Structure formats: C-alpha cells, structure tokens
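Student: got a sequence here, can you model it:
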Amino acid sequence: MNRQRNLSDYAQELVATYAKYSNSHYEISLDMIPEEELNELARLYIESIDREIEWACYGEDESINSSFLCSLLTMLKDNNKESRESFAETTRKNILIFYKESLDSLIQIACEEYFNTIANEEEYEQFY
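Tutor: Numbering: from 1, shown residues only. A predicted model of the protein is given here:
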C-alpha cells in the first residue's frame, strides 16, 4: 500500500470515529481529534510528502527568536530530559501549525469520501 493511500485511509478512519453527521454530510475539525491520532495524521502526511518538511518545525514564526530555535538552543545548552521534551513538544506543535491547512483540507476530503462510501453502501443494500 502506498503512503498516500495510507494517509487517505487513516483520514477516513478518523472521520468514521470522530466526525458528526449533520445536514446530510459529515463534519469534523482538527480540534475534535485526540492528540495521539492527530500526531499519527501528521506523521502519515509527512511520509506522504516524502518527508519534505523544510520550514515546518518553525510553525508560523521563522524569526531568529522563534520558539523552535529557542527550544533547540536551550536543549543544546542543557541537554536534559526536560529540555528534550520541551524541544520535542515545540517541534510537534509547530509542525501541526504549519500543516494545519493541509491537514484540515485532507480531513474535509475524507468527510466527503466517507459520506460517498456510506451512501454507496446504503444504495447497494437497497438493491439486495
């Protein structure tokens, strides 16, 4: 199975699990998805774009005082569990910020695909 298909399947699984059905369509936002699953969605997305993350670790702030650079410098100065955890959390948050629009678009497409799949299954069952 290819990376793009894995991503699409996972997004539809998230829709099936967390989306709300309203007015003949499914609705979901990234804040409705638990952190662990959101991390997996981001990981699969990064894999699907061949790990080309360039500036994603900076989130919205590419300045010399960005949260990413500050947490990196702190970790390099004092490499302990706390500084490594802070760096990892900062990087995770920034990646989610950077890819928010892409992930949201992906989830919206998955909503449409999931709705179509359910509608087709129901239509098929009506014939048999």
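Student: tell me which residues of the helix or strand bottoming out on mean pLDDT in the chain come out buried.
Tutor: When the helices and strands of the chain are scored by mean pLDDT, DSSP states H and E, helix 100-127 comes last with a mean of 85. Across helix 100-127, burial judged by 16 or more other Cβ atoms under 10 Å covers 103, 106-108, 110-111, 114-115. (Each C-beta comes from the backbone N, C-alpha and C, glycine too.)
Student: can you check stretch 15-28 too?
Tutor: Residues of stretch 15-28 classed as buried by neighbour count (16+ other Cβ under 10 Å): 15, 19, 26, 28.
Student: the third one bridge partners, please.
Tutor: Listed by DSSP bridges, the beta-bridge partners for Y26 are Y21.
Student: and it, what does it touch?
Tutor: With contact set as Cβ atoms under 8 Å, 6 or more residues apart in numbering, Y26 has these partners: 15, 19-20, 111, 114-115.
Student: now G59. Nearest residue, chain neighbours left out?
Tutor: Using Cβ to Cβ, 6 or more residues apart in numbering and skipping residues adjacent in sequence, the residue nearest G59 is N94, 3.2 Å away.
Student: before we move on, what about I97?
Tutor: What sits nearest to I97 in space, not counting adjacent residues and going by Cβ to Cβ, 6+ apart, is G59, at 3.9 Å.
Student: next, the one you found: phi, psi?
Tutor: Note on G59: its backbone torsions stand at phi 70, psi -120 [degrees, to the nearest 10].
Student: I'd assumed F68 was in contact with it.
Tutor: Yes - look at G59 against F68 with Cβ atoms under 8 Å: they come within range, at 6.9 Å.
Student: what touches both of these two?
Tutor: N94.
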